[in-house]
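show me how the following folds:
(one chain, ligands or ions: 1)
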Amino acid sequence: MPDVLQDMLRPRGIQAEHILNLWNLTLWICTFVFAAVVLAFIYALWRARNSNPQAAPDLTSLAVPERGVHRIIVWAVALSTAGLVSLLVADVLTGRALAQLPVRDAIHIELVGHDWWWEANYEKDDPAHRFTTANELHLPVGRAAIITLHSADVIHTLWIPNLHGKKDLIPGRTAEIRLRADKEGVYSGQCAEFCGMEHARMGLTVIAESAERYEAWTVAQRRPAASAADAKAAQLPRGMQVFANACAGCHTVRGTPAAGLIGPDLTHLASRQSIAAGMLPNRRGQLAAWVADAPSFKPGTTMPPSTLPPDDLLALMDYMEALK
Ligand code: CUA
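Modelled structure (predicted):
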């Protein structure tokens, strides 16, 4: 796997850059205020050293106004107000800049949050181009993506720190986030709203790539799955049979009778970098372990442990590895 970034301080899209600028401004202003308060506090302590607790308090300032102190207070209030107003203005300007992403020829993705994985429907309104995948987004570099957000169960939050801020996925509502990756790379997204036991393991891999590679990927994703007929491995028909009996109730593999809608679409599972919503690398051993006993990795997951005999599990792995 290439280096996976999950870092808002290293923006890889124009919107993350706007957000980082706002963050930097906030950090500097707040650091300045903090330093000023600490210095004033130290100065007060230093002055207090010279006072005598036995002496009567000096109340002359009640009769004679202290012009110096008065001036300092006016300045401090003015500076605080200026600091707060500039943060407010910067916030509004950042919000505007985020909303102004050009979206001509944007790609359209519907992202559905489930306990605890992501369903991605590409170009849903275009029958010739639509396809479904899970837990992995591909984005063409330099081209905007309009991502429509839905939730199938509870509130989740999409956050891909290298590309944009957070957006909630709320049951029964439709939200939208527009973003653009400006540099090639692999970025990690994360559910950012507590949604149950496996909230921390609800990851999303985002692969930003050249227009050509993105097109090639979409062409491959639109194809139905490798069928037993066009594969050479003798185990494949058996693996397919095992899948039909054990997995098809929950999972779809386009081009086969498997059409379950409870779990992720597995049509091109083998093309993905990870499984279990970013938790495990997509390798035969990990996949077999996951299929054998998913709840031991993710307590609470809908996926039950399997009772497959070892031979059937091996045949199933052969079949799943062919789902390229
Ligand atoms: Cu989904 Cu937290």
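
quick one: low-confidence parts of the stretch 201-324 of the chain?
Judged by pLDDT under 70, the stretch 201-324 of the chain has its weakly predicted residues at 227-235.

can you show me the helices along it?
211-222, 236-246, 284-292, 294-297, 310-321 (DSSP state H, counting those that start in this stretch).

turn the ones you listed into TSV, including mean neighbour count and distance to G165.
In this view, the C-beta of every residue, glycine as well, is placed from N, C-alpha and C. Shown next, in TSV, are these (neighbours: other C-beta atoms under 10 Å; distance: least, C-beta to C-beta, whole Å):
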stretch	mean neighbour count	distance to G165
helix 211-222	14	24
helix 236-246	19	39
helix 284-292	16	32
helix 294-297	15	30
helix 310-321	19	36
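
for these, give me CSV that also has distance to the ligand.
Formatted as CSV, the helices of the stretch 201-324 of the chain follow (distance: least, C-beta to the nearest ligand atom, whole Å):
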stretch, distance to the ligand
helix 211-222, 24
helix 236-246, 27
helix 284-292, 19
helix 294-297, 17
helix 310-321, 25
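
enumerate the residues of this structure near the ligand.
Proximity of the chain to the ligand, by C-beta under 6 Å from any ligand atom, involves residues G113, W116, H156, C191, E193, F194, C195, H199, M202.

ok, and the most crowded of these?
H156 (31 neighbours; other C-beta atoms under 10 Å).

of all the helices of the stretch 201-324 of the chain, which one is nearest A63?
helix 294-297 (75.2 Å; C-beta to C-beta).

can you list the residues that contact the closest one?
Under the criterion C-beta atoms under 8 Å, 6 or more residues apart in numbering, residues A276, M279, L280, A289, W290, T301, M303, P304, P305 lie in contact with helix 294-297.

now the first one. Nearest residue, chain neighbours left out?
Taking C-beta to C-beta, 6 or more residues apart in numbering, and ignoring the residues beside it in sequence, A276 has W290 as its nearest neighbour in space, at 5.7 Å.

list the contacts of that neighbour.
Contacts of W290 by C-beta under 8 Å, 6+ apart are I275, A276, L280, F297.

beta partners for the first one?
Residues in a beta bridge with I275, per DSSP bridges, are L280.

quick one: residues contacting it.
Counting by C-beta under 8 Å, 6+ apart, I275 has contacts N135, L269, P281, N282, Q286, L287, W290.

measure L9 to the ligand for me?
When distance is defined by C-beta to the nearest ligand atom, to the nearest Å, L9 is 22 Å away from the ligand.

can I assume E193 is in contact with L149?
No: counting by C-beta atoms under 8 Å, E193 stays clear of L149, with 11.8 Å between them.

give me the common contacts of these two.
Contacts common to E193 and L149, judged by C-beta under 8 Å, 6+ apart, are D168.

look up how far S151 lies from H114.
8 Å (C-beta to C-beta, to the nearest Å).

what about the strands in the stretch 1-150 of the chain?
4-5, 107-114, 117-122, 131-134, 136-140, 144-151 (DSSP state E, counting those that start in this stretch).

format those strands as CSV; extra columns: mean pLDDT.
Formatted as CSV, those follow (pLDDT from 0 to 100):
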stretch, mean pLDDT
strand 4-5, 88
strand 107-114, 96
strand 117-122, 96
strand 131-134, 94
strand 136-140, 96
strand 144-151, 96
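
adding distance to V64, write those strands out as JSON lines.
Shown next, in JSON lines, are the strands of the stretch 1-150 of the chain (distance: least, C-beta to C-beta, whole Å):
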{"stretch": "strand 4-5", "distance to V64": "62"}
{"stretch": "strand 107-114", "distance to V64": "66"}
{"stretch": "strand 117-122", "distance to V64": "69"}
{"stretch": "strand 131-134", "distance to V64": "75"}
{"stretch": "strand 136-140", "distance to V64": "69"}
{"stretch": "strand 144-151", "distance to V64": "64"}
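
all helices for the stretch 1-150 of the chain, in order.
Counting by DSSP H, counting those that start in this stretch, the helices of the stretch 1-150 of the chain are 14-48, 60-63, 67-99.

just these: most buried one?
helix 14-48 (a mean of 13; mean count of other C-beta atoms under 10 Å).

quick one, it and helix 67-99 angle?
Helix 14-48 and helix 67-99 meet at an angle of 170 degrees, taking axes from the mean of the first three to the mean of the last three C-alpha atoms, to 10 degrees as the criterion.

got the angle between helix 14-48 and strand 144-151?
Using the same axes, to 10 degrees: helix 14-48 against strand 144-151 is 70 degrees.

nearest residue to the middle of this protein?
G189 (2.6 Å; C-alpha atoms, centre = their mean).

might you report the residue contacts of that residue?
So G189 contacts Q6, W118, L137, L158, W159, I160, G203, L204, T205, V206 (C-beta under 8 Å, 6+ apart).

contact partners for the last one?
Applying C-beta under 8 Å, 6+ apart to V206 gives the contacts E136, L137, H138, L139, I160, L163, A181, V186, Y187, S188, G189.

look up how far V38 lies from the closest residue to the last one other than its chain neighbours.
Distances taken as C-beta to C-beta, 6+ apart put L204 closest to G189, at 3.5 Å, once the chain neighbours are dropped. Here the distance between L204 and V38 works out to 41 Å (C-beta to C-beta).
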